[in-house]
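**Q** how would this look folded up:
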Amino acid sequence: MQGFKTQKRSLILLADVLVLLVYILGGYMTANKPYLGVQLAEHQQSDFGPIVDTVYAGDVLRSGDVLLAIDGINLERNEDVEQIVDGLQIGNQYNLNIQRNASPRVVRVELLPYYGTGYVIIQSIAALLFFILGMYVAYQRPNEKPALLFHHLAMSIGGIVMLTSSQYTQIPLGLGHVVRGLFPASYLLSSAFLLHFSLDFPRPRSVPKAFYASMYSIVALFSLAGLYSSIRATTGVDLTHAGYYYTIQLVGEMAISIASVAAIGIFIYSHNTSKEIADRIQLKWVLYGTSICVFTFLVLWEIPNNLLVKYIPVSDFPWHFRGNIIPEEVLLISIVFAAVGMAVALLRFRAFDIEVLVRRSTVYGIVFGSLIIVYLIGLVAIWNWVDSNNEITRFILYTIVMALNLILFLPARGFVQRVLDRHFYRIRYNFREALGQYTNSINKGVSEKDVAEAILENTQAFFNPTKALLLRTGNDELLRVLGHRGVGLHGVNSSEYQTEYMVSRSNRPLALPSAIEAEVDYEPIDRHLAQRLDISLIVPMVSDAGQATGLLVLGEKRSQYKYSIEDVELLRQAGTQAALHIDRIALQHELWAEQQEAERLEELNRLKSYFVSTVSHDLKTPITSVKIFAELLREQTDPTNTAAEKYSNVIEGECDRLTRLINNVLDYAKIEKGVKTYNLSTCRLDAVVQKVLDITEYQLKMSGFAYDWQSSSDTIYVEIDEDAIIQAVTNLITNAIKYSGEQKSVRLRTYVEDSYAAIEVKDNGIGISQEDLEHIFEPYYRASEVKVSKNSGTGLGLALVQHTIEAHQGYIDIESEPGEGTCITLYIPLKAQHETNTDY
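**A** Numbering: from 1, shown residues only. The predicted model follows:
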C-alpha cells in the first residue's frame, strides 16, 4: 500500500513537471505577444475588413481605419488580425493595407508588446500559486479523490491564467504551435474538473459513471479539435482553421461559465442539506473563495467594462487600461482566492473562523461595491453634465467624487455592520455575547460547585426556566446534583434522577415537543418522567471523548416561549465547556495528589537510602572485627585440629560474603545519588578472573560447586576499574550458586569478540523466564518462582553489574531458558592497543 502511494506521488510529480514546462513556455509566449497598438470595433462591421475603434500607441493608424491586409494576408474578421499578428515579432515593421476615408493605402506599422512586464509578473505569480496549491494538496492527500480533482482543477486553471493566444513562432521544435493550441483545452478541462469536484466534495454523490465518461470524452474531443485547428492555423496561416480554433475557445469559455454556475449551485445545495458541521464549514470555505472571484468579476469587471461603457466611451474615463476600466490583473488575483478557499477546505478548514471572515467580507463587500457604484454614477453624471471641452472642471469633479467616497467609507462600514448584526446576524451576535458570558463565568470556577453555580446563574438570566439543575456522573456511574434553582425548600433527592430515561444514547437533547421548536434535532422525553419531575428539556454535557458526563435539566420557560435551536446550541456549548472545565479541575486535583505522593515517596527514598547507608557502615565494623579474630584464632590453633581450622574458614568466608553484600548496598546507594565513580587502569583479563575465583573459592567449596575456567589463548588487556569488574563477575558467580539446580557447576570463559573482551558465566541452574528477563536488571526485583523467592538476596546484584558494564562502554548479553540454566556474557571494550606479551 505504501509502495502504491509512493508510485502515485511520483506520477503526479512527473505530470506536474510537464505542466510547469507548459507554464514556462506559455509565459514566454505571452511576454512576446505582439499587437498593432489599437482596439478593433466589436459591434461595428465593414464589408472590407476589421475597423479600428481606439488607438493606444503610435500615430500611423487612426480611429475608423479599415484593415484590409497584413503582410500580404487579407483580413475579414477581428480574429484574423490576432491570428496573423501572433505569428510576427515585436519591434519589426510590416506592411499594412488599410482603407481610410474610402481611400486605400499602404502603411508601415511597428508591432508593440501586448502585455507589460507587470502583467507578466502577476500572471506568473498567479499561475505559480495555482501550481503550488494543486501540487501541495495532491501530495498531502494522494489517496483522496477530491484532493486529486482539486489538483487537476488547479493545474488546468493555471493553464487558463498562463496560456493565451500569443506569439507562437519563437519557440523551437514547433512547441509554440502546441502550447497555443492547449489554451482552449485549459478552459474545457477546468470546466470538467470543476463540475466533477463539486459532485464529489465534501462527499461523493451517486452519479452514474456514464455521465463522467461522456463528459470527459466530449472535453477530450473538443480539446483535440482545438489543438488540431490551432496547429493547422499556425503552421500554414490557415484562417479557416483559425476560425475553428476561436470557436472552440468560445465553447471553452462558455463551458467554464456554465460549470461555474452549476458548481456554485451544487455547493450551495450541499451546504443547505448537509447535516455534518465539518462539511458545512468546508463548503463555506469553497463558497467564500468563489464569491470573492464572482464579486470581482461582476462588480469590478463585467459591470464597468460592459455596461458602463455604453454611456461613457472608455477613452473619456480619467483612467483606462487598453479598453478596460479595471486592469485584467485584478481578475487574475481574484481567481486565486477561489483556489485558496478550496485548498483550505481540503486541508485546514478549521484553521480560521470562516464565520468571522464571511461577516467581515460581507460588510466590506457591500461597502466597497456600493461606493464603487456611487463613484461610477458620479462619473456618468459628470460626463453628461459637464462640457467635454472643460477638462479642468471634469478633473476637479472627479477628484471631489473620489474624496467623498473616501470620507464616506468609515461611516458606511459602521452603518452596514450595525444593520447586518441587527437584522441578519442578530442571533449569532447575541449568541456570541451569551456564550462569552458563560465561558467567563465557568473559567472562574475552582471547584465543581463553582462551575455548577456559574452555569445555573447564567441559564436563569438568559432563559428564566421554572427550574434548573446540573447533574454530574460520579465514579459510581450514578448522577449526583451539583446545583439547582427553583426546586423548593426541601432541595433535591438525587435518587429521583437515577433512570435510563434521563440520557439519550446519541447525546442529543431530550425534550417535550410542546417546549421546543420543531427544527431542533432532539429526542422526545418520557412524558411520565417529565411530569413527575416537572422538566421540559435535558441537555447532555459531552466530554472530549464524546461521552455524556453530566446533564443540564431545565423546566419550561416562564415566558411560555419554546426553546429554539439557538437556545439548545448555546446550552449545549456551555454544558460542554462546563464538562471540560470540571474535568480540568479534577485533573488538577489528581496532579496535585500525584505531586504530593511523589514528594512523599522521594522523602521515603531519601530516608531509606540514609538508613541503608548508615546500617551498612555500622555493620562493616563488627564484621571486620569478627574476621580479624577468626584469622587470629586460626593462627593460634593447633594445625592438627582440623575442626577448628574448618570453623575458622567458615567464619572468614561468611564475613567476606556479608562484606560483599554490604558493598553492593553501599555501591547502589552511591549510584542513586549519582556519586559512583570508576578509576580505570590497564589490567590483564585472566588475572582479574583469577582474583574472582580466589574470592569465591570458599563459597563455591561450601556449596559443593565445581567450576571450569576456559581462558583465552591470547593475553587480553582491558582498561577497567578492576575492583568494579571483580565485584560484577563475583555477583554473577554468586547468583549462579544461589539459583543452581541439580547440577552444581559453573563455567567461566574469556575470549575476544570483535573489539570487545568477553567474560562468560554459565550455570545449569533453574533458568529465568521470558517475563522475568525483562526485569532482572531492575533494582530490588526478585522473580516470583518458589525456588527463587526462598533464596536470600537484596535484588541489587544485577543492577550493579549493568551500571558497571555500561560505565565501561560495554554491554551485556543474556541467554536463559527455565530449567536449562543461564548464560550471561559481559562485553568490555578492548584496550586501544591489544598487547599480547606484556605481563600484568
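**Q** Tell me where the stretch 1-150 of the chain has strands.
**A** Taking DSSP state E, counting those that start in this stretch as the criterion, the stretch 1-150 of the chain contains strands spanning 34-35, 38-40, 52-55, 66-70, 73-74, 93-100, 103-110, 112-113.
**Q** Quick one: those strands as TSV, columns for distance to residue 290 and mean pLDDT too.
**A** Heads up, the C-betas are built off the backbone N, CA and C, glycines and all. Formatted as TSV, the strands of the stretch 1-150 of the chain follow (distance: least, C-beta to C-beta, whole Å; pLDDT from 0 to 100):
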stretch	distance to residue 290	mean pLDDT
strand 34-35	32	91
strand 38-40	31	84
strand 52-55	33	82
strand 66-70	40	91
strand 73-74	43	88
strand 93-100	44	91
strand 103-110	42	92
strand 112-113	33	91
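**Q** Without its sequence neighbours, what residue ends up closest to residue 96?
**A** residue 109 (4.7 Å; C-beta to C-beta, 6 or more residues apart in numbering).
**Q** what about residue 77, neighbour count?
**A** 16 (other C-beta atoms under 10 Å).
**Q** Run a quick check on residue 110 versus residue 96, I expect a contact.
**A** No: look at residue 110 against residue 96 with C-beta atoms under 8 Å: they stay out of range, at 10.3 Å.
**Q** okay, the two: which has more neighbours?
**A** residue 96 (21 against 15).
**Q** ok so, going back, quick one: contacts for the residue nearest to residue 96?
**A** Residue 109 makes contacts with 36-37, 58, 60-61, 93-94, 96, as judged by C-beta atoms under 8 Å, 6 or more residues apart in numbering.
**Q** and it, what are its bridge partners?
**A** residue 94 (DSSP bridges).
**Q** how distant is the helix or strand hosting residue 802 from the center of its chain?
**A** Per DSSP states H and E, residue 802 falls inside helix 797-807. Here the centre of helix 797-807 is set off from its chain's centre by 44 Å, with C-alpha atoms, centre = their mean, to the nearest Å.
**Q** Can you give me the buried ones in that helix?
**A** 797-805, 807 (16 or more other C-beta atoms under 10 Å).
**Q** ditto for stretch 564-584
**A** Buried residues in stretch 564-584 (16+ other C-beta under 10 Å): 566-582.
**Q** Do me a favour and average the pLDDT over it.
**A** Throughout stretch 564-584, pLDDT has a mean value of 86.
**Q** got it, and stretch 775-795?
**A** Here stretch 775-795 scores 64 as its mean pLDDT.
**Q** Any regions of the stretch 151-300 of the chain where pLDDT drops low?
**A** For the stretch 151-300 of the chain, the stretches flagged by pLDDT under 70 are 237, 275-278, 295-300.
**Q** picking that back up, who are the packing partners of the helix or strand that the helix holding residue 802 is followed by?
**A** Sequence-wise, the next helix or strand downstream of helix 797-807 (DSSP H and E) is strand 811-817. Where contact means 3 or more C-beta pairs under 8 Å, 6 or more residues apart in numbering; DSSP states H and E, strand 811-817 is packed against helix 797-807, strand 821-829.
**Q** Can you tell me which one of the buried residues of helix 797-807 sits lowest on pLDDT?
**A** residue 797 (79).
**Q** show me the contacts for the closest residue to it other than its chain neighbours.
**A** Setting aside the residues directly before and after it, residue 797 is nearest to residue 731 in space (C-beta to C-beta, 6+ apart), at 3.9 Å. Shown in contact with residue 731 (C-beta under 8 Å, 6+ apart): 664, 797-798, 800-801.
**Q** For residue 252, state which of those is nearest.
**A** residue 798 (78.7 Å; C-beta to C-beta).
**Q** tell me the contacts of that closest one?
**A** Applying C-beta under 8 Å, 6+ apart to residue 798 gives the contacts 731, 735, 776-777.
**Q** now the helices: where do they sit in the stretch 601-750 of the chain?
**A** Secondary structure of the stretch 601-750 of the chain (DSSP state H, counting those that start in this stretch): helices at 642-673, 685-702, 722-738.
**Q** what mean pLDDT does the first one have?
**A** In this model, helix 642-673 has a mean pLDDT of 70.
**Q** Where does residue 219 fall, secondary structure wise?
**A** Judged by DSSP H and E, residue 219 forms part of helix 209-235.
**Q** Excluding sequence neighbours, find me the nearest residue to residue 393.
**A** Nearest non-adjacent residue to residue 393 (C-beta to C-beta, 6+ apart): residue 386, at 5.5 Å.
**Q** quick one: secondary structure of residue 539?
**A** strand (DSSP: H, G, I helix; E, B strand; the rest coil).
**Q** So it versus residue 595, what's the distance?
**A** 35 Å (C-beta to C-beta, to the nearest Å).
**Q** Give me the more crowded residue out of these two.
**A** Each of residue 539 and residue 595 has its neighbours counted (other C-beta under 10 Å); residue 539 has more, 30 against 10.
**Q** what sits opposite that one in the beta ladder?
**A** residue 552.
**Q** Please tell me I have it right and it contacts residue 576.
**A** No: here residue 539 lies out of contact with residue 576, judged by C-beta under 8 Å, at a distance of 9.6 Å.
**Q** so who does the residue lying closest to residue 515 once chain neighbours are set aside touch?
**A** Leaving aside its chain neighbours, residue 515 sits nearest to residue 536 (3.7 Å; criterion: C-beta to C-beta, 6+ apart). Contacts for residue 536 (C-beta under 8 Å, 6+ apart) come out as 465, 511-512, 514-516, 525, 530, 554-556, 563.
**Q** measure residue 536 to residue 799 for me?
**A** Applying C-beta to C-beta to residue 536 and residue 799 gives a distance of 66 Å.
**Q** likewise residue 571?
**A** 58 Å.
**Q** can you check residue 820 too?
**A** Residue 820 sits 24 Å away from residue 799, going by C-beta to C-beta.
**Q** likewise residue 481?
**A** Residue 481 sits 53 Å away from residue 799, going by C-beta to C-beta.
**Q** With adjacent residues omitted, what lies nearest to residue 559?
**A** Using C-beta to C-beta, 6+ apart, the closest residue to residue 559 is residue 464 (6.7 Å).
**Q** Also residue 180?
**A** residue 168 (4.6 Å).
**Q** The one you found falls within a strand, correct?
**A** No: remark: residue 168 does not belong to a strand; assigned using three-state DSSP, it is coil.
**Q** That one: neighbour count?
**A** Residue 168, neighbours per other C-beta under 10 Å, totals 25.
**Q** again with residue 402
**A** Neighbours of residue 402 (other C-beta under 10 Å): 15.
**Q** cool, and residue 235?
**A** Residue neighbour count, defined by other C-beta under 10 Å, stands at 13 for residue 235.
**Q** Roughly how far does the nearest residue in space to it that is not next to it in sequence sit from residue 31?
**A** Nearest non-adjacent residue to residue 235, counting by C-beta to C-beta, 6+ apart: residue 177, 6.1 Å away. As judged by C-beta to C-beta, residue 177 and residue 31 stand 18 Å apart.
**Q** do residue 673 as well
**A** Distance, residue 673 to residue 31, using C-beta to C-beta: 75 Å.
**Q** And those two? Which one has more around it.
**A** Per other C-beta under 10 Å, whichever of residue 673 and residue 31 has more neighbours is residue 31, with 20 against 11.
**Q** Do you know the pLDDT at the residue nearest to the more buried one when sequence neighbours are not counted?
**A** With sequence-adjacent residues excluded and distances taken as C-beta to C-beta, 6+ apart, residue 31 is closest to residue 120, at 4.9 Å. pLDDT for residue 120: 89.
**Q** Provide the secondary structure category for residue 202.
**A** Applying three-state DSSP: residue 202 is coil.
**Q** residues near it, how many?
**A** For residue 202, using other C-beta under 10 Å, the count is 20.
**Q** looking at it, it is touching residue 270, isn't it?
**A** Yes: between residue 202 and residue 270 there is a contact under C-beta under 8 Å: 7.3 Å.
**Q** Sounds good, over and out.
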